[in-house]
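1. Mind looking at a prediction? Sequence and model below.
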Protein chains: 2
Amino acid sequence: MRSVTIRDVAALAGVSVATASRVLSGHPATSPSSRERVEAAVADLGYRPDARARSLRKARTGTIGVLVSDVRNPFFAEIAYAVERRALRAGMATLVCNADESVDQQDRYLDLLVSQRVDAMVVAPQGDGSGSLQEVLGLGIPIVFVDRTLASGGTGVPSITSDNRTGLREAVTHLAGLGHRRVGLVAGPHETSTGRERLRAYRDAAAAAGLDPDPALVVQGDFQQASGAAGARRLLDLADPPTAVVAADSLMTLGALSVLRERGVAVGADVSLVGYDDLPAFALATPSLTVVAHDPARMGALAADAVRDLLAGRAATSTVLPTHLVVRGSTGPARRPA
Amino acid sequence: MRSVTIRDVAALAGVSVATASRVLSGHPATSPSSRERVEAAVADLGYRPDARARSLRKARTGTIGVLVSDVRNPFFAEIAYAVERRALRAGMATLVCNADESVDQQDRYLDLLVSQRVDAMVVAPQGDGSGSLQEVLGLGIPIVFVDRTLASGGTGVPSITSDNRTGLREAVTHLAGLGHRRVGLVAGPHETSTGRERLRAYRDAAAAAGLDPDPALVVQGDFQQASGAAGARRLLDLADPPTAVVAADSLMTLGALSVLRERGVAVGADVSLVGYDDLPAFALATPSLTVVAHDPARMGALAADAVRDLLAGRAATSTVLPTHLVVRGSTGPARRPA
DNA sequence: CGTTTCCATGGAAACGGTTACACGGCACGA
DNA sequence: TCGTGCCGTGTAACCGTTTCCATGGAAACG
């Protein structure tokens, strides 16, 4: 059962493949009569053009790759969705890949995207760009970073990120204002720019507010739910546990929250919690969560716009989107130690 | 800046393209000496094989399409993730598409997947198969349905679904046992098999338990969060509102929950709520949500297995995964109307 | 009426790989 | 020594499309 090709269409329509191709791609120089017959033949045979063959001849594949860490993270799902939506409107297909917060897997997918000859990529990069990423950057494929950037700053790659520092600073300042002196942080991986920036913002803000600089208050997570739970446990088990905890991403927030509940800690009273990302579910928790909010849908849309610009040969502008603290019920006055 | 082709590699290595190709694809009939030189040339030039060109000649593209309704729905995100993971292990790439609960968009993506010549598809189908879907089924592309099936049953397409009826029946029976007589349902769209089956199970179970058969207790949703909120509002605004509500998917559960909270209704006391899908966040709500649970990760993995079987020429088996009710705090004894 | 212009068309060369086929050289057994 | 067979290699066809170029006819113009 060989699939039907443009040759079959041309034969049935009684024209050459060249003419058939012209009709199919809307070339103006075609007579109404051949247009009509080709279209009839297409309908008759159920012809479906082969995008691979087409793209082999033309310069473009009409495909863009989106490489995020984990679509199960609602934050990245939203980004991927937004990019895809915008891309579809421009007639482009989207290849969504999960790096799983692993550089190896990221490299594997970068290879894959390159060999698929995607026209452009939207990447939330892992690591310091030492692996395939650096190499791929050298290939001249239009790339836009989203959410994260590389440690080695000036790569000339446009990026759509959010202002990690402000949100986290506001969170710490807010907690300090409530009288908290020992504020814990479940930090993100050093391999990501977001992890590093949020940690740095925490440290700066904590120092500025004169909080307890105890290094034990910072525990390392990996942006996955389990590490948020583990981190929260370590913090609560300290001899002198924090009275407030900040989690550096949504999944770790979920994990931390689950531990607080499992231990019967009254969130917002015994221990205050600031989450990251404003997931719909976070507003519905009891007490509803105070969070650092940013806007993944907008990030995705802007990333798609940047890709469009790059593909059109225009320069793409990097954007840093604002973040802000949304104060809800999970943060309250520090309870004086007994 | 033309990209480097296998011809360049062959030239540099001093062999023919045939030999270069053989080395690259691991063909046994190659001498150590040419292997070595070709590999050196590849490294030297930074050669990246072109998957499109390769797949044009070979029968396969090494790509499978995953067409779900909405990756922002954690349920589908989990499915997509599981499929992708399994596919990658088999060396295949995954094209993830969002039909957005719209038949039109589904058709557009089906066209796209066909023209990309994916080797197989995993689809959560919309509608009755009247659009492109029927046509695509006729093309002989291996397809596996996931989560949903078509109304027109015997299409011979293997499917990985979950037992929608049992879970919902248990939910209704559970509520009846707690003394609820008026149980509302925020139903899913008729265009989906899951929407229909869950509605039918609700009706059957309600009848069996002798609940109030008032048709006003069933409100129509579309599996999106906003419709869950709207549905809950309609139910609460009834002259004789239900004492318990069941939502037919996770996003509508979220919407319904937000309305209950916005109105200051004590969930589990004033009104009981049964959600659908066991999202991590649902266990963390207060009170934690009683839900109908199923296993999207397993569904995705089984779908990927089914695809593997089809691609290997074996028959794929359809599976119906179990669902079960997880009783938590959001359901309680019916409050006697004053 | 002859020449120029334009337009629809077909033939054939790309695009970047794989692979059927033929061929020469070598080791082997008779 | 002479087939026989195997193995590594090269030539060229092929996958399905687009597009360059040449061509022939009709229309437009003088």
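-> The structure has been received and is ready for your questions.

2. any weak-confidence spans in the stretch 1-150 of chain A?
-> A:1-2 (pLDDT under 70).

3. What parts of it come near DNA strand D?
-> A:2-3, A:5-7, A:17-18, A:21-22, A:24-25, A:47-50, A:53-54, A:56-58 (Cβ under 7 Å from any atom of the strand). Just so you know, the C-beta spots here come from the backbone N, C-alpha and C atoms, and that holds for glycine as well.

4. hmm, who's touching stretch A:80-90?
-> A:64, A:66, A:68, A:71, A:93-94, A:96, A:122, A:146, A:296-301, A:303-305, A:307-308, B:70-72, B:96-98, B:105, B:108 (Cβ atoms under 8 Å, 6 or more residues apart in numbering or on different chains).

5. which element is the residue minimising distance to the centre of chain A on?
-> Nearest residue to the geometric centre of chain A (Cα atoms, centre = their mean): residue A:76, 3.9 Å. In the assignment (DSSP states H and E), residue A:76 maps to helix A:74-89.

6. Would you list the strands that the next helix or strand after that helix pairs with, along with their directions?
-> Using DSSP H and E, the helix or strand that directly follows helix A:74-89 along the chain is strand A:93-98. With DSSP bridges as the test, strand A:93-98 is paired with strand A:63-68 (parallel).

7. hey, C-alpha coordinates of the partner strand in PDB?
-> Output of strand A:63-68 as PDB, limited to C-alpha atoms (Å, rounded to 0.1, in the frame of the first residue of the first chain):
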ATOM      1  CA  THR A  63       8.900  23.000  12.800                       C
ATOM      2  CA  ILE A  64      10.100  24.500  16.000                       C
ATOM      3  CA  GLY A  65      11.500  22.600  19.000                       C
ATOM      4  CA  VAL A  66      10.500  23.400  22.500                       C
ATOM      5  CA  LEU A  67      12.900  21.900  25.100                       C
ATOM      6  CA  VAL A  68      11.700  22.400  28.600                       C
END
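
8. before we move on, back to that, enumerate every residue touching the residue nearest to the centre of chain A.
-> By Cβ under 8 Å, 6+ apart, the contact set of residue A:76 is A:68-70, A:124, A:147, A:296.

9. still on that earlier bit, now list the buried members of the contacts of stretch A:80-90.
-> Buried members of the contacts of stretch A:80-90, counted by 16 or more other Cβ atoms under 10 Å in any protein chain shown: A:64, A:66, A:68, A:71, A:93-94, A:96, A:122, A:146, A:296, A:298-301, A:303-305, A:307-308, B:70-72, B:96-98, B:105, B:108.

10. Now for the nearest residue to residue A:82 once chain neighbours are set aside: which residues touch it?
-> Excluding the flanking residues, the one nearest residue A:82 by Cβ to Cβ, 6 or more residues apart in numbering or on different chains is residue A:300, at 2.7 Å. Contacts for residue A:300 (Cβ under 8 Å, 6+ apart) come out as A:78-83, A:85-86, A:122, A:146.

11. which pair in those residues spans the largest distance?
-> A:85 and A:146 (14.4 Å; Cβ to Cβ).

12. Just the helices from the stretch 201-338 of chain A, written as ranges.
-> Shown for the stretch 201-338 of chain A, the helices assigned by DSSP state H, counting those that start in this stretch span residues A:225-236, A:250-262, A:280-284, A:296-311.

13. Among those, show me which one is buried the most.
-> Highest mean neighbour count among those (mean count of other Cβ atoms under 10 Å in any protein chain shown): helix A:250-262, with a mean of 24.

14. Which strands and helices lie in contact with it?
-> Counting contacts by 3 or more Cβ pairs under 8 Å, 6 or more residues apart in numbering or on different chains; DSSP states H and E, helix A:250-262 is packed against helix A:225-236, strand A:244-247, strand A:272-276, helix B:280-284.

15. Minimum distance to residue A:176: which of the ones you listed has it?
-> Closest among the helices and strands packed on helix A:250-262, using Cβ to Cβ: strand A:244-247, at 9.1 Å.

16. what about that closest one and chain B, any contact?
-> No - Strand A:244-247 stays clear of chain B (Cβ under 8 Å from any Cβ of the partner chain), getting no nearer than 13.0 Å.

17. so who does residue A:110 touch?
-> A:67, A:131-133, A:136.

18. ok, 10 Å please
-> Going by Cβ atoms under 10 Å, 6 or more residues apart in numbering or on different chains, residue A:110 touches A:65, A:67, A:97, A:99, A:121, A:123, A:125, A:131-133, A:135-137, A:139, A:141, A:143.

19. Ok, residue A:161 next?
-> By Cβ under 10 Å, 6+ apart, the contact list for residue A:161 reads A:124, A:145-149, A:193-194, A:197, A:294, A:299, A:302-303, A:318-321, A:323.

20. Just grab the bridge partners of it for me.
-> Beta-bridge partners of residue A:161, as defined by DSSP bridges: residue A:320.

21. Lovely, talk soon.
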